[in-house]
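Colleague: here you go, sequence then predicted model.
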Amino acid sequence: EYQIDRSSLISQIKMDGHRFVSIQGSAGSGKSALCKLLLQEESMVLYARAERFSEERNLDEIWALDIQKVLTYLNGRKVIFFIDALEFIADCRKTTFELLQQLYFVAQKFENTYIVTSCRSSDKNAFIELETKLGIHVYPVHDLSDEELLPIAKKYPVINKMQSMKAYAPLLRIPFYLNLILRNSIDPDDIQDAAAFREFIWNHVICLTEKVKNYDSNVKVSDVISTVNTIVFERAKQNLLGIHASKLDSLTLKILVSEGVVVCHNKMVRLRHDIFEDICFEQYFDEKFQCCRGNYKSFYNDVQQLG
């Protein structure tokens, strides 16, 4: 995987020393990766996906500890809370925002307590009031510039070739897609544009249409698609951190974990990348739209079932 050099931005954040930091950028820009690099040398980091704030009613239940007691006991030692993917609670109920706000209020009482969050820039408006009220400092993670893309194109012929193809130009500026191209040895001549590339990701990277036959013969591509849809749609409907492994076919799940399509932590399963979920929804919407044959009420009814 190609590592984008974000050292100058990381140095700037550290030098500024703001206690409350929000890393914002487009989908696939490398926000979470930057946060992990920023925090990798810190000794005490409490991590949570943003969905945990919608799952619980009490702040202490998110990390299963009494936060104020712990911070008091640590007596000024540096602690950093890292909340990843705030966009997943951008449309949640008011109580979810209140829980997030409560964490900041607690942190304000302890001088050496920091909070770092990541959020898609497309959903940042949901948190503007919080940022203003609490003095949260925003650091944008921009898509790759010409200067940053140039050494990558020199190193990898496929990127150099795609750089000259206008249909691919926007994708190459997003680290997620760049690494996906390199990992999967994609031939740009086989894919016409960005939409076709996302279709390729759905079929070959997420649904494993070519790879699944190398595993258990009892598992079909349709089983993979069904399992992926279950994970994505049920997680979205209930705004959960993941789907319990017991609700999924064990053989299919084993394949998806092996191929890096999903992650399983404490028996809770979710797709490895948020962009995978975006593509899954795109496929669903496209399929339902084509099936409705102009009966838009039917299309909207199908969409409403997702919650």
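Modeller: Right, received. Where do you want to start? Just so we're clear, the structure is a prediction, and the values are computed from it rather than from any experiment.
Colleague: following the helix or strand containing residue 11, which helix or strand shows up next?
Modeller: In this assignment (DSSP states H and E), residue 11 forms part of helix 7-16. Remark: after helix 7-16, the chain's next helix or strand is strand 20-25, criterion DSSP H and E.
Colleague: quick check: mean pLDDT of the helix holding residue 11?
Modeller: The predicted model gives helix 7-16 an average pLDDT of 96.
Colleague: give the buried residues for that helix.
Modeller: Residues 9, 10, 13 are the ones in helix 7-16 that count as buried (16 or more other Cβ atoms under 10 Å). For glycine as for every other residue, the C-beta is placed from the backbone atoms N, C-alpha and C.
Colleague: residue 267: which of the residues you listed is nearest?
Modeller: Taking Cβ to Cβ as the measure, residue 10 is the one of these closest to residue 267, at 33.8 Å.
Colleague: OK, contacts around the closest residue to the closest one other than its chain neighbours?
Modeller: What sits nearest to residue 10 in space, not counting adjacent residues and going by Cβ to Cβ, 6 or more residues apart in numbering, is residue 38, at 5.3 Å. Listed by Cβ atoms under 8 Å, 6 or more residues apart in numbering, the contact set of residue 38 reads 10, 13, 14, 23, 116.
Colleague: now for those residues: which two are most distant?
Modeller: 14 and 23 (13.0 Å).
Colleague: helices or strands next to the helix holding residue 11 in the packing?
Modeller: helix 31-39, strand 137-141 (3 or more Cβ pairs under 8 Å, 6 or more residues apart in numbering; DSSP states H and E).
Colleague: any chance of CSV for these, columns distance to residue 150 and mean pLDDT?
Modeller: Conversion of the helices and strands packed on helix 7-16 to CSV gives the following (distance: least, Cβ to Cβ, whole Å; pLDDT from 0 to 100):
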stretch, distance to residue 150, mean pLDDT
helix 31-39, 21, 95
strand 137-141, 19, 97
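Colleague: of all those, which one is nearest residue 213?
Modeller: helix 31-39 (32.2 Å).
Colleague: now that closest one - C-alpha only, CSV.
Modeller: Extracted C-alpha coordinates of helix 31-39, given in CSV (Å, rounded to 0.1, in the frame of the first residue of the first chain):
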residue,chain,number,x,y,z
LYS,A,31,-8.6,11.1,7.5
SER,A,32,-8.5,8.0,9.7
ALA,A,33,-5.1,7.0,8.5
LEU,A,34,-3.8,10.5,9.3
CYS,A,35,-5.3,10.4,12.8
LYS,A,36,-3.6,7.0,13.5
LEU,A,37,-0.3,8.4,12.4
LEU,A,38,-0.9,11.5,14.5
LEU,A,39,-1.6,9.4,17.6
